[in-house]
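Q: Provided below are the primary sequence and the corresponding predicted coordinates.
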Amino acid sequence: MSTMVKQYDAIKYKTPTGNKLSCKGWIQEAALRMLLNNLDPEVAERPADLIVYGGRGKAARNFEALDNIIAALKVLENDESLLIQSGKPVGILKTHKDAPRVLISNSQLVPNWANWKHFDELEKKGLVMYGQMTAGSWIYIGSQGIVQGTYETYAALADKHYHGTLRGTLNVTAGLGGMGGAQPLAITMNEGVALIAEVEEWRIDKRMETKYLDEKHTSIDEAINAAVHYRREGEAKSIGVLCNAVHLLDRLIQRDIIPDTLSDQTSAHDPLIGYIPHTLTNEQANVLREQNPEQYLLRSYESMHLHVQLMLQLMDKGAITFDYGNNIRARAQEYEIQNPHAKTQIPNYKPGRSFDFPGFVPAYIRPLFCEGKGPFRWAALSGDPNDIAVTDEVIMNMFPENKGMLRWMKMAKEKIAFQGLPARICWLG
Ligand code: NAD
């Protein structure tokens, strides 16, 4: 155990590239290279903590487990399978050459115990890890995956409502965080105008630096004016406005400017850490969260309830409205259950409507799944970007009728830099 590395060592954990094997077959080699690629400092948010993305989504439970996984993959035969339980290798079984080489299961807790409290206790004891979707399964490829999923959602919306393009539409949403930061690029790639509220200035600056966002505004009215101008001109532009989502929606209603589409990617799933109430500044929020978390939660719920009411009001006026998987509808519903007599700030608003707008999966993604369409991603284990250029060509030649995919490929080549191993994601049928 004395030789065990307890911290991320960029040389020791460097992803092998080229055509020389360090394992006994290419399938094991692929698993090894993808695991190490997930943790590459260019790819992972916090390799020192083995955290890849999404809060605390990890690739391995701890450094000892990581070393053991690497060692196991190197000796794994072509007719064996390695079992991984929440980031720790727990066994090698003799199987056959067509069986999976690695079987992974992460963070499985059955319903009664499926809560953060129980998870945190197990994590403290070193018995579990949070795998997110692509961190613990070793297939994270950087921000490209998130941009593509969001692009596909808006493309499906455009197909359903706007003859395949968002040109000349105003798309309002909020949150420019880890995943939400993909919204502006995904919307402009679909040729629409994005108007996005974000309370933290550094998030807006970060999206400007990486060219995911075109403009930053600090005045709500000026941001709205610019967005309306671009909508009229049919120009694909994205605008980040430094304000609370509630204030942006409120102002749109006052000015009777109705977005064509409306969603939200604030971290409403986490009312204490992830959502900033509209009645607090960021500084006040940080203080209250520390000093009086119960009071913070009250404010947060009140604000999310109002937020959903404003979304419903804009929906009633014609905005195509959907939830982006952040649970904001459930938060508004919980608020109404706990406060049955609470007054609302919206005239004629009736309670019980929080779920009147759909989630993005049933509305736009599930219909694609029903047709057998879904995401495919691949990485060049060689480390050579030319290999991806070749597969890009092959895909584009094979599916010339898939206009959305062709547009994605063209834009992705222009706008998305590779992180770690060169990789590509696209949706195919
Ligand atoms: P994040 O925590 O990194 O970012 C959230 C952002 O919202 C932060 O920048 C924060 O400053 C901002 N914010 C919080 N309250 C605000 C308010 N009232 N007004 C304006 N801005 C506010 O989270 P993320 O990774 O971007 O994910 C966002 C949410 O979307 C999460 O709840 C996530 O579960 C959900 N989601 C996203 C996807 C996807 O594919 N993009 C899929 C499913 C769920």
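A: Sure, I can see it.

Q: which residues of the stretch 301-429 of the chain lie near the ligand?
A: Proximity of the stretch 301-429 of the chain to the ligand (C-beta under 6 Å from any ligand atom) is limited to residues 324, 325, 326. In short, each C-beta sits where N, CA and C put it, glycine included.

Q: residue 312 touches residue 351, doesn't it?
A: No - between residue 312 and residue 351 there is no contact under C-beta atoms under 8 Å: 10.8 Å.

Q: who's more crowded, the two?
A: Set side by side, residue 312 and residue 351 show more neighbours around residue 312, with 22 against 17, by other C-beta atoms under 10 Å.

Q: how near is that one to residue 350?
A: Note on residue 312: its distance to residue 350, by C-beta to C-beta, to the nearest Å, is 10 Å.

Q: same for the longest helix seen in the chain, what does it pack against?
A: When the chain is parsed with DSSP state H, its longest helix is helix 293-316. Applying 3 or more C-beta pairs under 8 Å, 6 or more residues apart in numbering; DSSP states H and E, we find helix 293-316 packed against helix 245-254, strand 261-262, helix 282-291, strand 320-321, helix 328-338.

Q: part of a strand, is residue 427?
A: Yes - according to DSSP: H, G, I helix; E, B strand; the rest coil, residue 427 belongs to a strand.

Q: bridging residues for it?
A: residue 375 (DSSP bridges).

Q: give me the pLDDT value at it.
A: Listed pLDDT for residue 427 reads 92.

Q: that one against residue 153, yeah?
A: No - using C-beta under 8 Å, residue 427 is not in contact with residue 153; the gap is 10.5 Å.

Q: the two: which is more packed in?
A: residue 153 (23 against 20).

Q: list the contacts for the more buried one?
A: By C-beta atoms under 8 Å, 6 or more residues apart in numbering, residue 153 lies in contact with 186, 324, 360, 364, 365.

Q: off-centre distance for stretch 395-404?
A: 26 Å (C-alpha atoms, centre = their mean, to the nearest Å).

Q: in the stretch 151-300 of the chain, which residue sits nearest the ligand?
A: Closest contact between the stretch 151-300 of the chain and the ligand, by C-beta to the nearest ligand atom, is at residue 177 (1.8 Å).

Q: most neighbours of all the residues of the stretch 301-429 of the chain next to the ligand, which one?
A: The most crowded member of these, judged by other C-beta under 10 Å, is residue 326 (24 neighbours).

Q: how many residues are close by the residue lying closest to it once chain neighbours are set aside?
A: Distances taken as C-beta to C-beta, 6 or more residues apart in numbering place residue 268 nearest to residue 326, at 4.4 Å, with adjacent residues excluded. Residue 268: 28 surrounding residues under other C-beta under 10 Å.

Q: and residue 268, helix, strand or coil?
A: coil.

Q: need the contact list for it.
A: Taking C-beta under 8 Å, 6+ apart, we find residue 268 in contact with 274, 275, 304, 307, 326, 327, 328, 331.

Q: of all the residues you listed, which two lie farthest apart?
A: 274 and 307 (13.0 Å; C-beta to C-beta).

Q: the two: who's more crowded?
A: Using other C-beta under 10 Å as the criterion, residue 274 and residue 307 rank with residue 307 on top: 25 against 16.

Q: ok, the closest residue to the more buried one other than its chain neighbours to residue 304 distance?
A: Closest residue to residue 307 apart from its sequence neighbours, by C-beta to C-beta, 6+ apart: residue 246 at 5.2 Å. Going from residue 246 to residue 304 by C-beta to C-beta gives 9 Å.

Q: and residue 420, helix, strand or coil?
A: What three-state DSSP gives for residue 420 is coil.

Q: now do the same contact list for whichever residue of the stretch 1-150 of the chain sits closest to the ligand.
A: As assessed by C-beta to the nearest ligand atom, the ligand sits closest to residue 149 within the stretch 1-150 of the chain, at 4.9 Å. Listed by C-beta under 8 Å, 6+ apart, the contact set of residue 149 reads 182, 375.

Q: just the buried positions in the helix or strand it falls within, please.
A: Assignment of secondary structure by DSSP states H and E places residue 149 within helix 144-161. Residues of helix 144-161 classed as buried: 144-159 (neighbour count, 16 or more other C-beta atoms under 10 Å).

Q: which element follows it toward the C-terminus?
A: strand 170-174.

Q: tell me the gap between that following strand and the middle of its chain.
A: With C-alpha atoms, centre = their mean as the basis, the mean position of strand 170-174 lies at 17 Å from the chain mean.

Q: strands paired with that strand, and their directions?
A: By DSSP bridges, strand 170-174 pairs with strand 193-198 (parallel), strand 261-262 (parallel).

Q: mean confidence score for the longest one?
A: Per-residue pLDDT values across strand 193-198 average out to 98.

Q: so where is the chain shaky, pLDDT-wise?
A: Within the chain, the segments meeting pLDDT under 70 span 1-5, 348.

Q: report the central residue of it.
A: Among the residues of the chain, the one closest to the centroid is residue 179, at 3.4 Å (C-alpha atoms, centre = their mean).
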